[in-house]
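[1] Turn this into a structure:
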Amino acid sequence: MTTLNQYQPAAGSRILSVGAARGNLVVTNDDIAGPINSSDEWIQKRTGIVTRRRADRDLTLIDLTTEAAREAMERAGLTGEDVDAVIVSTVTSPYATPSVAAAVAHRIGATPAPAFDVSAACAGYCYGVAQADALVRSGMARHVVVVGAEKLSDIIDETDRSISFILGDGAGAVVVAASEEAGISPSVWGSDGERWDTVSMSRSLLDLRDAAETARKTGDASALTNPDDKLWPHLRQDGPSVFRWAVWSMAKVAREALDKAGIEAGDLAAFLPHQANERIIDELAKQLKLPETVTIGRDIKEMGNTSAASIPLAMHRVLEEDPSLSGGLALQIGFGAGLVYGAQVVRLP
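    Numbering: from 1, shown residues only. Below you'll find the predicted structure:
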């Protein structure tokens, strides 16, 4: 592996390839409607989701991440020795430390490349691309593997009507590489911490610590060993607040990203928003006045909301369905818990 200090700053960077890994279980709306007292019709009308992919117990987050990274590397014609950094965006790592990225770097043969995780929820992939772009343009790397990956089924309360029924499992990866021309525009990213708890875990590690102390004193450890217990951390959201914020605030962010790229909506080949909700996707497309010539990523219909994985998975799907989009411009925008957001225009691999 070439040492990082041997590289010269690059004029730009671009995405060379994209890879994907999807949960091995297909879960229909009928499969999950009972616990939330709902129906297939209600879920489709509210979200646009028909099925979602989830991973069984034996298919881990690291497995999904590695599979997606390997496909992206193979499509780019790279081996592990060519990889100068690995960035994994996730909020569902089974470990607070070590990072998922370090394990994946080892599995793909990229050791001793630097590897680290990013916790920016549904904007995590865009955050990872922004950092990879900066690493490449600064000369610190030539090839960076960026993966958005989630196993959200690990943190689902099946009885929760606010978010549980939309969540899926998967990973999407890209290779960001040096380029003579910019294939990734300046990123627009930020946060709104005033609404920090709009999407959050129902319980914190401090709650679990207190429960462990209670279990030690009483001898009853059932709450610590039963994931179905309400003490177990589950994802929650204030759906109406998130919807309003995404629809009205993210349209402005998307327009700013187009302005920074020096293009108009009509110049796009594709629009790849975070797959949060089909109604949000439709409203953003409407506010951006996207012409019919722009392909809109709609991976949510079959995958559900996969948080940090949703944008690269949507990219993978649109390119599989229409390879002629390759080389065109795409606006990608992620937004979620924090509340955080990130967007950039990229040239499709």
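[2] give me the number of residues near Glu158?
    Using other C-beta atoms under 10 Å, Glu158 has 13 neighbouring residues. C-beta: built from backbone N, CA, C; applies to glycine.
[3] Need the per-residue pLDDT for Ala96.
    Listed pLDDT for Ala96 reads 83.
[4] Tell me the secondary structure at it.
    Put simply, Ala96 is coil when judged by DSSP: H, G, I helix; E, B strand; the rest coil.
[5] Relative to Ser119, how far out is it?
    10 Å (C-beta to C-beta, to the nearest Å).
[6] who's more crowded, those two?
    Legend: neighbour count by other C-beta under 10 Å for Ala96 and Ser119, higher for Ser119 (14 against 7).
[7] In space, what's closest to the more buried one - neighbours in sequence excluded?
    Once flanking residues are discounted, Ser119 sits nearest to Val91: 5.7 Å by C-beta to C-beta, 6 or more residues apart in numbering.
[8] just Gly12 next, same as before
    Nearest to Gly12 is Ala182, by C-beta to C-beta, 6+ apart, at 3.3 Å.
[9] re the thing from before, from what I can see the residue nearest to Ser119 touches Ala123, true?
    No. Val91 is beyond contact range of Ala123, at 10.7 Å (criterion: C-beta atoms under 8 Å).
[10] residues shared between the contacts of those two?
    Ala308 (C-beta atoms under 8 Å, 6 or more residues apart in numbering).
[11] Any stretches of the stretch 51-200 of the chain with poor pLDDT?
    193, 195-200 (pLDDT under 70).
[12] ok, which stretches of it are strands?
    Ranges of strands in the stretch 51-200 of the chain, per DSSP state E, counting those that start in this stretch, are 51-54, 85-89, 115-118, 143-151, 169-179, 188-191, 199-201.
[13] which strands and helices sit next to the third one?
    Strand 115-118 makes packing contacts with strand 85-89, helix 100-107, helix 124-138 when contacts are defined by 3 or more C-beta pairs under 8 Å, 6 or more residues apart in numbering; DSSP states H and E.
[14] hmm, back to that, reformat the strands of the stretch 51-200 of the chain as CSV; add distance to Gln44.
    Shown next, in CSV, are those (distance: least, C-beta to C-beta, whole Å):
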stretch, distance to Gln44
strand 51-54, 10
strand 85-89, 28
strand 115-118, 32
strand 143-151, 22
strand 169-179, 20
strand 188-191, 32
strand 199-201, 22
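[15] closest to Val247 out of the ones you listed?
    When those are compared by C-beta to C-beta, strand 199-201 sits nearest Val247, at 15.4 Å.
[16] Tell me how many other residues surround the residue nearest to Gly12.
    Counted by other C-beta under 10 Å, the residues lying close to Ala182 total 18.
[17] I'd say it and Ile15 touch.
    No. At 11.6 Å, Ala182 does not count as touching Ile15 under the criterion of C-beta under 8 Å.
[18] Now do the helix or strand encompassing Val18 and helix 124-138, the angle between them.
    Element membership of Val18, judged by DSSP states H and E, is strand 12-22. Strand 12-22 and helix 124-138 are oriented at 150 degrees to each other (axes from the mean of the first three to the mean of the last three C-alpha atoms, to 10 degrees).
[19] chain center to strand 12-22, what's the gap?
    Taking C-alpha atoms, centre = their mean, to the nearest Å, one finds strand 12-22 lying 13 Å from the centre of the chain it belongs to.
[20] Check which helices and strands that strand sits against.
    With contacts defined as 3+ C-beta pairs under 8 Å, 6+ apart, strand 12-22 has these neighbours: helix 61-76, helix 124-138, strand 169-179, helix 310-321, strand 340-347.
[21] try 6 Å
    helix 61-76, helix 124-138, strand 169-179, helix 310-321 (3 or more C-beta pairs under 6 Å, 6 or more residues apart in numbering; DSSP states H and E).
[22] Direction included, what does the helix or strand following that strand pair against?
    With elements assigned by DSSP H and E, the helix or strand that comes after strand 12-22 is strand 25-28. With DSSP bridges as the test, strand 25-28 is paired with strand 51-54 (antiparallel).
[23] how distant is the strand it pairs with from the center of its chain?
    Using C-alpha atoms, centre = their mean, the offset of strand 51-54 from its chain centre is 15 Å.
[24] Got the phi and psi for the most centrally placed residue in the chain?
    Nearest to the geometric centre of the chain sits Ala308, at 1.3 Å (C-alpha atoms, centre = their mean). When read as degrees, to the nearest 10, the backbone of Ala308 gives phi -60, psi -20.
[25] quick one: it from Ala337, how far?
    Distance of Ala308 to Ala337, computed by C-beta to C-beta: 10 Å.
[26] again, but for Ala115
    Counting by C-beta to C-beta, the separation of Ala115 from Ala337 is 23 Å.
[27] now the strand holding Val18 against helix 310-321, angle please.
    Using the same axes, to 10 degrees: strand 12-22 against helix 310-321 is 90 degrees.
[28] From the rest of the structure, what touches strand 12-22?
    With C-beta atoms under 6 Å, 6 or more residues apart in numbering as the test, strand 12-22 has contacts from 53, 64, 67-68, 71-72, 75-76, 133, 136-137, 170-177, 179, 181-184, 312-313, 315-316, 346-347, 349.
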